[in-house]
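Engineer: A structural model of the following input is requested.
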Amino acid sequence: MNKRQRKKRAKKAFEAAELRRKKEWTFITLLRELPPAELYAIEEVMIAFINDDLPVKEAEAFVQRKIEEYNNNNPIYEAV
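Structural biologist: Numbers count the residues shown, from 1 in each chain. Coordinates of the predicted model:
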């Protein structure tokens, strides 16, 4: 294996690791915004997301929808 091939292989490995880290960080960040009672609603999404069966964008959109639904039903601040 020459230098160019090693460089390509290293770049692919780095990109795959970056994607994993991004997925984990994104999901953890989004989950922090939900209360424990709402987490059951996204259990299947979490499993599919972790197993790479679900694209990052779809998982983010689903969790974001759940957060918005929760915030709409349980407003922190009421209008004065």
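
Engineer: make it CA atoms for all contacts and neighbour counts henceforth
Structural biologist: OK.

Engineer: Find me the pLDDT at K3, would you?
Structural biologist: For K3, the pLDDT comes out at 86.

Engineer: What of the one 4 residues further on?
Structural biologist: Each residue has a pLDDT score; the one for K7 is 87.

Engineer: V80 too?
Structural biologist: Listed pLDDT for V80 reads 41.

Engineer: ditto for I50
Structural biologist: Note for I50: predicted pLDDT of 69.

Engineer: where are the low-confidence patches of this protein?
Structural biologist: 26-27, 30-31, 33-42, 44, 49-50, 54, 74-80 (pLDDT under 70).

Engineer: Could you rerun that using 80?
Structural biologist: For the chain, the stretches with pLDDT under 80 are 1, 19-60, 62-64, 66-80.

Engineer: in it, which helix has the most residues?
Structural biologist: Secondary structure of the chain read by DSSP state H shows that its longest helix is helix 3-32.

Engineer: Show me what that helix packs onto, helices and strands only.
Structural biologist: Here helix 3-32 touches helix 56-73, going by 3 or more CA pairs under 8 Å, 6 or more residues apart in numbering; DSSP states H and E.
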